[in-house]
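# Quick check, what structure comes out for this input:
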Amino acid sequence: MADDIQGEAQMPEKEPVQQEPVIKIFPRLSERELKEKINLLRQQLEQKERELKSIFKEISLYADNGDELKARRDGLNARVKELSIKAAELRKKRDETNARISELKSVRDGLKGRGKKFSEKIEGLKKTRDELNMTARGRLESLDKAYSDELNLFLTADIPLEHEINIFNRLIELSKRIGATKKANEVHAEISVEYSRAKEIYTDMDSLHAQIQTLAQESQNYHEEMIALYDEIDVTRKEADSFHSQLTEKYKGIAPLRKKINALKAEMPKLREELGVYLDQMKDLALVREEKKNEGKREKAKEKFNKNGRLSLDEFRILVEHDDIKL
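Numbering: from 1, shown residues only. Predicted coordinates:
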C-alpha cells in the first residue's frame, strides 16, 4: 500500500490547461451614442441591483422564518432525546424488576415443591394415624384403665377357666389397641412437627408472594410510564418531522432565488466592464474637446503676448504648458 502511495506521489501532475483570455472588442461610438449607451448601461445596472436587493430581502424573510422553524424542530428533537433517555431508564428498571420477580418465583416454586412433599407426607401420616385409631377404638387413658381392670381380674379373681381365657384374649386385644393408640399418638406428634415445618414454608411462600405482587405492581407502573413516554415521543417526533418538512420546503424555495443571484452576479461585472469602456471613451472625447479648446486659447494668448505682452493667469499657464514661454 505504501509503494502504491509513493508511486502515486511520484507521478507527474497534469499541467492545467490554460485558456486564452477572451478579449472583447467594443465599438467606438459618437458622443451622442456614448451618452445613450452609458445611460442605458447605468439603468440596467441599477435595475439588476434593485433585483438583487429584492431577492436578498426575500431570502432574508425565508431565513428568518426558517430559523424559527429550525429552532422549533431542534427543540423538539432535543425533547425526543430527553424522553428517550427517560424511557430507556424506565425500561431498564422494569426489566430489572421483572428479573427480580423471576428470581423470587423460582424460590417460591422451590418452596412450593417442598410444601407439596410435606403435604404428601402429612397426608400419609394422617392415613396411618387414622388406621391406628380405627384399630385402637378408644383413648389411651380408657384403654389403660380397661387393661388394668382386666389384668387385675385375671390375676386376682377366682374365675372359671373359660372366663379366664376370655379375659386373656381381651388383654391381648387391649394390648394391641393400646399399642395402636400409642403409635397413633406418636404419628400425631410427628404430624404436628411436619405441620410446623410446612407452616414455615407456607409463611415464606406467602412472604414471597407478597413481594412478587409488590414488584409486579412496580413493574407495571414502570411499563405504563414507559409506554406514556413512547407515546409522547411519537407525537413529538411527528411534530419535529412536520417542522423539518416545512423547513425543507423553504430551502427548496430559496434554491431558485440563489440561481437568480448567481445569474445577476455573473451579468453585472460584464455590464460594469462595458460601462467602464464607454466611460473611458467619453473621457477621451472630453480630453480631445478640452485639447481643442485649449488650442484656441493658446493661439489667442500668443497673439496677445506678441502684441502687448499682457496675459491673464490662465493664458500664461497655457503658454507655459506648451513651451511658448520659457521661464
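# per-residue confidence at Ile254?
Here, the pLDDT recorded for Ile254 equals 73.
# Same question for Leu279.
In the predicted model, Leu279 carries a pLDDT score of 89.
# what's around Val260, how many residues?
Slight slip there: residue 260 is Lys, not Val. Using other Cβ atoms under 10 Å, Lys260 has 15 neighbouring residues. Heads up, the C-betas are built off the backbone N, CA and C, glycines and all.
# er, Ser312 I mean
For Ser312, the number of neighbouring residues by other Cβ under 10 Å comes to 11.
# Okay, strands next: where are they in the chain?
Listed in chain order, the strands of the chain (DSSP state E) amount to none at all.
# Distance check, the residue most central in space within it against Arg91.
Relative to the mean C-alpha position of the chain, the nearest C-alpha, by Cα atoms, centre = their mean, is the one of Lys81, at 3.6 Å. Summarising the geometry, the distance separating Lys81 from Arg91, computed by Cβ to Cβ, to the nearest Å, is 15 Å.
# Repeat that for Arg114.
Look at Arg114 and Arg91: by Cβ to Cβ, they are 35 Å apart.
# same check, this time on Ser84
For Ser84, the distance to Arg91 (Cβ to Cβ) stands at 10 Å.
# what's stretch 56-76 in contact with?
With Cβ atoms under 8 Å, 6 or more residues apart in numbering as the contact definition, stretch 56-76 has outside contacts at 236-237, 239-240, 243-244, 246-247, 250-251, 253-254, 257-258, 261.
# try it again with 10 Å
Stretch 56-76 is contacted by residues 235-251, 253-254, 257-258, 260-261 when judged by Cβ atoms under 10 Å, 6 or more residues apart in numbering.
# Please apply the same query to stretch 235-248.
Under the contact criterion Cβ under 10 Å, 6+ apart, stretch 235-248 has outside partners 65-80, 82-84.
# Separate out the buried members of those.
Listed as buried from the contacts of stretch 235-248 are Gly66, Leu69, Lys70, Arg72, Arg73, Leu76, Asn77, Arg79, Val80, Leu83; burial here means 16 or more other Cβ atoms under 10 Å.
# thinking again about what came up before, show me what contacts the residue nearest to the centre of the chain?
Applying Cβ under 10 Å, 6+ apart to Lys81 gives the contacts Ile233.
# in this protein, which ranges drop under the pLDDT threshold?
Applying pLDDT under 70 to the chain picks out residues 1-24, 61-65, 136, 154, 291, 293-305, 309-311, 314-315, 317-327.
# again, only this time at 90
1-35, 37-38, 41, 48-71, 108-205, 243-327 (pLDDT under 90).
# Arg42 is in contact with Leu275, isn't it?
Yes. Counting by Cβ atoms under 10 Å, Arg42 does reach Leu275; the two are 6.8 Å apart.
# Have a look at those two and say which one is more surrounded.
The neighbour comparison of Arg42 against Leu275 (other Cβ under 10 Å) goes to Leu275, with 17 against 13.
# Now do the helices in the stretch 151-300 of the chain.
Across the stretch 151-300 of the chain, reading from the start of the chain, the helices by DSSP state H, counting those that start in this stretch fall at 161-307.
# An error on my part: the question was meant for the stretch 1-150 of the chain.
When assigned using DSSP H, counting those that start in this stretch, the helices of the stretch 1-150 of the chain occupy the ranges 2-10, 31-136, 140-156.
# closest to Gln211 out of the ones you listed?
For these, distance to Gln211 was read as Cβ to Cβ. The smallest value, 5.7 Å, belongs to helix 31-136.
# Could you check the angle that closest one makes with helix 140-156?
Regarding helix 31-136 and helix 140-156, their directions subtend 20 degrees when assessed with axes from the mean of the first three to the mean of the last three Cα atoms, to 10 degrees.
# related to what we said a few turns ago, of all the helices of the stretch 1-150 of the chain, which one comes closest to Val187?
With Cβ to Cβ as the yardstick, what comes closest out of these is helix 31-136 (4.3 Å).
# The closest one vs helix 161-307, what angle?
If you take the same axes, to 10 degrees, helix 31-136 sits at 170 degrees to helix 161-307.
# heads up, I number from 12, so please use that
OK, 12 is where the count begins now, so the last one is helix 42-147.
# Please compute how far helix 42-147 lies from its chain's middle.
Shown here is helix 42-147, whose average C-alpha point lies 6 Å from the average C-alpha point of the whole chain (Cα atoms, centre = their mean, to the nearest Å).
# Kindly report the same for stretch 245-262.
The mean C-alpha position of stretch 245-262 is separated from the chain mean by 16 Å, Cα atoms, centre = their mean.
# can you check stretch 153-166 too?
Distance of stretch 153-166 from the chain centroid (Cα atoms, centre = their mean) equals 93 Å.
# Contacts made by that stretch with the rest, please.
Contacts made with stretch 153-166 from outside it, assessed by Cβ under 10 Å, 6+ apart, are listed as 147-150, 170, 174-175, 177-182, 184-193.
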